[in-house]
Structures are given as structure tokens and as C-alpha cells.
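>>> sequence and predicted structure are below.
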Amino acid sequence: MRKKSILSKKIIRGINKSINNSDLKLDLDFLKEKKYYNYEIEEWYGEQFKINGELRKLIIRTLLNTYFEWKKELDKLGKDYYLAIWLYNPRMLKSEIVCAIEEKINYYENENFIPSKGDNYLDLNQFGKFSSDLKKFNWEGKIDFDSYEEWEINWSKEQYPDKKEYYKNQRFYKKLIQEEFHVVERNNEKTYFYPKGDIWIGKLK
């Protein structure tokens, strides 16, 4: 428990540092050049870290504040744009704000995700004082995947410094290939995708 508490405080400091350093500011030059821009909360601990308390509140507050600030800037461009909150569950620390213009709009709107299956439901009432703001958005469920390249799966035992990791990965890769959750092939190389949860895509109504 103490280890998680220390980790939580470390991540909180990191997010607050980003806010204080204006890392959340929309980079219009980058956007105009690359046609997209994003801010990701934190990708390092999102899979195994249970998010609650002060950290959970900070994540939601940061996502909302960033969304509305970016919207003000994008409205000034006088052109169509994509802007959304990507709220990951349970990997909340991977949550992002993403925007795009021109040809990238279609990619993020129609090509970047696979819709969730089943009766997944996002309970907006669980977010306390932020629930009313979150209810201003339309939320669409998608699948959160991790990707594994074919060359990575085919690593030999000699390429692993830790043999236990090799055998552990081989058991997982066998399941990954057999079940074929989602596979994409480009240039005769396959990429395997494994579901880790949901991504809720939120856009203002």
C-alpha cells in the first residue's frame, strides 16, 4: 500500500509539473505541420496501477481543463477539427487529449479504433463533482489494445537476457496468435493486437 502511495504522489508531481511548465498548451505550429497534436497523462504505470483519490481527480480535472482550453484555440482557426478526450479504463493513466485537422480528421474519426463489443457502460456519476461536466460530452466505447510486432514475437531465447521472461512471453504469444483478437498485415509483416480494456472517446455535444 505504501509503495502505491509513493507512486501516486510521484505521478501527481509529474502532472502538476506539466501544468506549471505549460506542457498542456496546444502547439499550433506542430499541429499545422503534422495535422495532429496530443497530450498524454502518463503511459508508464497505466496498466497495473489502481487509480483513485487525489490522482483520479487530478487526471479528470486535467483532461477537462485541457479540452476546453484547446477548444478555444481551435475555434480561432476557422476550420474543421477533431478534438476528443480519450479516457482509458482501467488504464486511466494513458488517457489523452487529441486533436487533428485536415486529412487527419478522418483517420481519428473513422480509422483509429475498433468499437467495443458487449454491453460496456461508462457510469459518469462515479466522477463526483466532475460528473456534470463529463455529461456535456457524447461518449463512445472503443477497445484499448497493446500491439506486438511479428519480429518481436519471433525473438529467439538467446536474445533475452532473462530466460524466465522468454518462457513467460512465449506462453503469452502462443495465446495471442491462437486467439487472433485483431491482426493487421502490412508489407508481409503482421502486428497482433491484444485487448487491455476500453477507451471512451468523449466529444462535446
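Sure, I can see it.

>>> which parts of the chain are helices?
2-20, 28-34, 53-75, 104-106, 131-134, 150-153, 163-179 (DSSP state H).

>>> can you get me a residue count around the closest residue to R56 other than its chain neighbours?
Spatially, and ignoring its direct neighbours in sequence, R56 is nearest to M92 (7.1 Å; Cβ to Cβ, 6 or more residues apart in numbering). (Each C-beta comes from the backbone N, C-alpha and C, glycine too.) M92 has 21 neighbours, counted by other Cβ atoms under 10 Å.

>>> shift numbering so it begins at 40
Got it, the first residue is 40 from now on, which makes the last one we talked about M131.

>>> M131 contacts N91, doesn't it?
No: M131 sits out of contact with N91 when judged by Cβ atoms under 8 Å, with a separation of 9.6 Å.

>>> show me where pLDDT drops low in the protein?
40-43, 60, 82-88, 157 (pLDDT under 70).

>>> just the angle between the longest strand seen in the chain and helix 202-218, please?
If you go by DSSP state E, the chain has its longest strand at strand 228-243. Interaxial angle, strand 228-243 versus helix 202-218 (axes from the mean of the first three to the mean of the last three Cα atoms, to 10 degrees): 80 degrees.

>>> which residues are in contact with L67?
E112 (Cβ atoms under 8 Å, 6 or more residues apart in numbering).

>>> hang on, the earlier thing: for the helices of the chain, which one sits closest to K229?
Nearest to K229, of all the helices of the chain, is helix 189-192, at 4.4 Å by Cβ to Cβ.
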